[in-house]
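K.L.:
my questions concern the predicted model and sequence given below.
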Amino acid sequence: MIESGNFFIRPLEKEDAVLLVKWLNDPEVLQWYEGRDRPHDLHKVYEHFYENDNRVSRNLVMWNQTPIGYVQYYPLSEKEKRIYSYKLHESIYGMDQFIGELDYQNRGVGTDLVNAVVDYLFHELEAEKVVMDPQVRNHRTLRCYEKCGFHPVRCLDSHELHEGKKEDCLLIERVRS
């Protein structure tokens, strides 16, 4: 669990699936996470978020006890390190997140969330770097990550299939100081 300011971040529980279904049927959320052509029913949520991958830590994000979103983090695999041209011995974590409650978007909550999780990864899990790969056309998210101290590493051409189109992404990283 991660507690920071107004945040309480805890592992997903089975009853959280209904929140994920709600959020992953909202076109505003799906525009950047999963895609509007991939709404999730309960079966797809269980398949996608509750599968047995012990490498990924999947979490519910709470703001003042109100569920508002999702965050996951994971150590990069050797295959991912090779794809991104990182050294195999480096301790590197990836993370993905979304704010599902639209009233909490555009208020700095995402910036606070990313900073809280990155601090946890650096100080509790001893990550050397944290990386993400947002779509290059997602300018709001890129500004958020820049405010959090992330820097571009390189463009990942046609990296993500999103809404039927291969989208360019930007590999970004934040290095522990």
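P.N.:
Alright, I've got the coordinates.
K.L.:
tell me the predicted confidence for residue 159.
P.N.:
Here the pLDDT value assigned to residue 159 is 82.
K.L.:
how about it, nearest residue that isn't a chain neighbour?
P.N.:
Nearest residue to residue 159, sequence neighbours excluded (C-beta to C-beta, 6 or more residues apart in numbering): residue 169, at 4.1 Å. (Each C-beta comes from the backbone N, C-alpha and C, glycine too.)
K.L.:
leaving out chain neighbours, which residue sits closest to residue 41?
P.N.:
residue 21 (6.5 Å).
K.L.:
which parts of the helix or strand in which the one you found is found are buried?
P.N.:
Assigned by DSSP states H and E, residue 21 belongs to helix 17-23. Of the residues in helix 17-23, 17, 19, 20, 21, 23 count as buried by neighbour count, 16 or more other C-beta atoms under 10 Å.
K.L.:
tell me the contacts of the second one?
P.N.:
Put plainly, it is residue 19. Counting by C-beta atoms under 8 Å, 6 or more residues apart in numbering, residue 19 makes contact with 60, 67, 100.
K.L.:
what's the answer for the fourth one, then?
P.N.:
If you count contacts by C-beta under 8 Å, 6+ apart, residue 21 has them with 40, 41, 42, 45.
K.L.:
got a pLDDT number for it?
P.N.:
The model's pLDDT for residue 21 equals 96.
K.L.:
looking at this protein, which residue reaches furthest from the middle?
P.N.:
residue 89 (23.1 Å; C-alpha atoms, centre = their mean).
K.L.:
neighbours around residue 46, how many?
P.N.:
By other C-beta atoms under 10 Å, the residues close to residue 46 number 15.
K.L.:
name the element it belongs to?
P.N.:
Going by DSSP H and E, residue 46 is in helix 42-49.
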